[in-house]
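**Q** Starting from these lines, generate the structure:
(one chain, ligands or ions: 1)
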Amino acid sequence: MTQITLPPLPYDHYALEPHISSETLQFHYNKHHQTYVNKLNDMISGTKMETMSLEEIMKEEPSGKVFNNAAQIWNHTFYWDSMTPDAGQPSQELSDAISAKFGSMEGFNSKFAEVATGQFGSGWAWLVKDASGGLDIVPSSNAENPLADNLTPLLVCDVWEHAYYIDYRNDRGKYVETFLKVINWDFVQKNLG
Ligand code: MN3
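**A** Residues are numbered from 1 along each chain as shown. Below you'll find the model as predicted:
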């Protein structure tokens, strides 16, 4: 019995153009994200993990191949939800929290870009909320995510090359600049709680 399924994209594959192309989104979702789902289902089939949620699987196997595939599924779903073709503005509450930590939206953009472009090799850049309710921007390597550090993810940018190579070649900075234009602030607000 296989239990983990690929969640539907929250928008059409061409919806983020011209920022992120339909070709990138289709490869990223239909090939990369789907492959993590297929591999994980193969690995957990016939084990006690086959009835577990992704979160439970990540706790059960906090490193190694099973973790990597489970976390990549979780991270990618969170990434699709982090973007929207109808990018608006952060709510007042969010805007105040951002200003308290980063000085201004410009300060947030510049810190996020610094962390996302500075992550060496494959990984992710996260906006998180810590236990005291404060915001921070942290990188993670490969499939890792901040759940293991008891941080609440609010937003994520995929900085693996497959996220931007078709559209921006090796220019991660340009991709991150684009990502900042399609942030789903309603999703961030929902995660802020
Ligand atoms: Mn990816």
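**Q** For the rest of this, base every contact and every neighbour count on C-alpha atoms.
**A** Fine.
**Q** what's the residue lying closest to Tyr164 once chain neighbours are set aside sitting at in phi/psi?
**A** Excluding the flanking residues, the one nearest Tyr164 by Cα to Cα, 6 or more residues apart in numbering is Tyr175, at 6.3 Å. Main-chain torsions, Tyr175, degrees, to the nearest 10: phi -60, psi -40.
**Q** Can you give me the distance of Tyr175 to Pro7?
**A** 24 Å (Cα to Cα, to the nearest Å).
**Q** okay, those two: which has more neighbours?
**A** For Tyr175 versus Pro7, neighbours defined as other Cα atoms under 10 Å are more numerous around Tyr175 (23 against 14).
**Q** and after the helix or strand encompassing Glu55, which helix or strand comes next?
**A** With elements taken from DSSP states H and E, the one containing Glu55 is helix 54-60. Counting by DSSP H and E, the next helix or strand C-terminal to helix 54-60 is helix 64-82.
**Q** What would that next one look like as CSV? C-alpha coordinates only.
**A** Once non-C-alpha atoms are left out, helix 64-82 reads as follows in CSV (Å, rounded to 0.1, in the frame of the first residue of the first chain):
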residue,chain,number,x,y,z
GLY,A,64,19.5,9.2,5.3
LYS,A,65,17.7,8.3,2.1
VAL,A,66,14.2,8.0,3.6
PHE,A,67,14.5,11.3,5.3
ASN,A,68,15.9,13.0,2.2
ASN,A,69,13.0,11.9,0.0
ALA,A,70,10.3,12.6,2.6
ALA,A,71,11.8,16.0,3.4
GLN,A,72,12.1,16.9,-0.2
ILE,A,73,8.4,16.1,-0.8
TRP,A,74,7.5,18.3,2.2
ASN,A,75,9.8,21.1,1.3
HIS,A,76,8.6,21.3,-2.4
THR,A,77,4.9,21.4,-1.4
PHE,A,78,5.8,24.2,1.0
TYR,A,79,7.7,26.0,-1.8
TRP,A,80,4.8,25.8,-4.3
ASP,A,81,2.6,27.3,-1.6
SER,A,82,5.2,30.0,-0.9
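**Q** Tell me which residues are up against it.
**A** The contact list for helix 64-82 (Cα atoms under 8 Å, 6 or more residues apart in numbering) reads 6-7, 9-10, 33, 36-37, 39-40, 43-44, 54, 57-58, 61, 142-145, 155-158, 183-185, 187-188.
**Q** what about it, average pLDDT?
**A** Mean pLDDT, helix 64-82: 98.
**Q** which of the residues in that helix are buried?
**A** Residues 66-82 are the ones in helix 64-82 that count as buried (16 or more other Cα atoms under 10 Å).
**Q** returning to that earlier point: so which of the contacts of helix 64-82 sit within helices?
**A** The helices, defined by DSSP state H, take in 36-37, 39-40, 43-44, 54, 57-58, 185, 187-188 from the contacts of helix 64-82.
**Q** which of these are buried?
**A** Using 16+ other Cα under 10 Å, the buried ones in the ones in helices among the contacts of helix 64-82 are 36-37, 40, 43-44, 54, 57-58, 185, 187-188.
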